[in-house]
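Visitor: Build me a structure from this.
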Amino acid sequence: MKEKKVDFYNEKDILGQDKSVVFISADSEGDNPDKNSDYKLDHSNEYELPTIKTRYFSLLIDVIAILLISLGASTLFEKIGEVPDYVRGLTFLIVVILYEPILISTWCTFGQLITNIRVRNLKNPEIKIWFIYANIRLIVKSLLGWLSFLTITFNNNRRAIHDFASGSIVVVPKD
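Guide: Below is the predicted model:
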């Protein structure tokens, strides 16, 4: 019986489409190719990364902005007249839940604008993170609170735990 030779460079899949050859670099993947390569990416030489102080200050500005937006909505409800309490509570909850994910996935929050930082995709810091990842980031950040920021000083990309959970990085934008 004659063995069939397989040419992996010209192999076709079931539908007859060419399969592209994937080369894995030892530098980007480490010794274990199954390991997630997010931890090996180092953007500290390419981008200016904000300090923990800048990130906390941005968060503080955002909390103040959320309170001001909620206060504005409450004032608007006062002018309208009788508005049930559950509508007021629901409005506050919507502002708190949607403020950060919507603004991060489209542009930046008010605190990030003032401190000149942006949340971006780790693998390509030129693009914004998706809305779903911004929600994951908010959930983890809310659940862990200040503990989420502990990892910032221990990794090259200054990523917090919520950045690891959402695949994001916080950078100072290039002019």
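Visitor: so Asn157 touches Asn45, yeah?
Guide: No. Here Asn157 lies out of contact with Asn45, judged by CB atoms under 8 Å, at a distance of 10.6 Å. C-beta coordinates here come from the backbone N, C-alpha and C atoms, glycine included.
Visitor: Compare these two (neighbour count), which wins?
Guide: Asn157 (21 against 6; other CB atoms under 10 Å).
Visitor: Give me the phi and psi for that one.
Guide: Backbone torsions for Asn157, taken as degrees, to the nearest 10, come to phi -90, psi 0.
Visitor: Quick one: residues contacting it.
Guide: 41-44, 49, 122, 163, 169 (CB atoms under 8 Å, 6 or more residues apart in numbering).
Visitor: let's go with 10 Å and repeat that
Guide: Residues in contact with Asn157 (CB atoms under 10 Å, 6 or more residues apart in numbering) are 38-39, 41-44, 47, 49, 122, 125, 163-164, 168-171.
Visitor: Same question for Leu68.
Guide: Here Leu68 is in contact with 95, 110 (CB under 10 Å, 6+ apart).
Visitor: Show the pLDDT at it.
Guide: As predicted, Leu68 sits at a pLDDT of 95.
Visitor: Please apply the same query to Ser148.
Guide: pLDDT, Ser148: 89.
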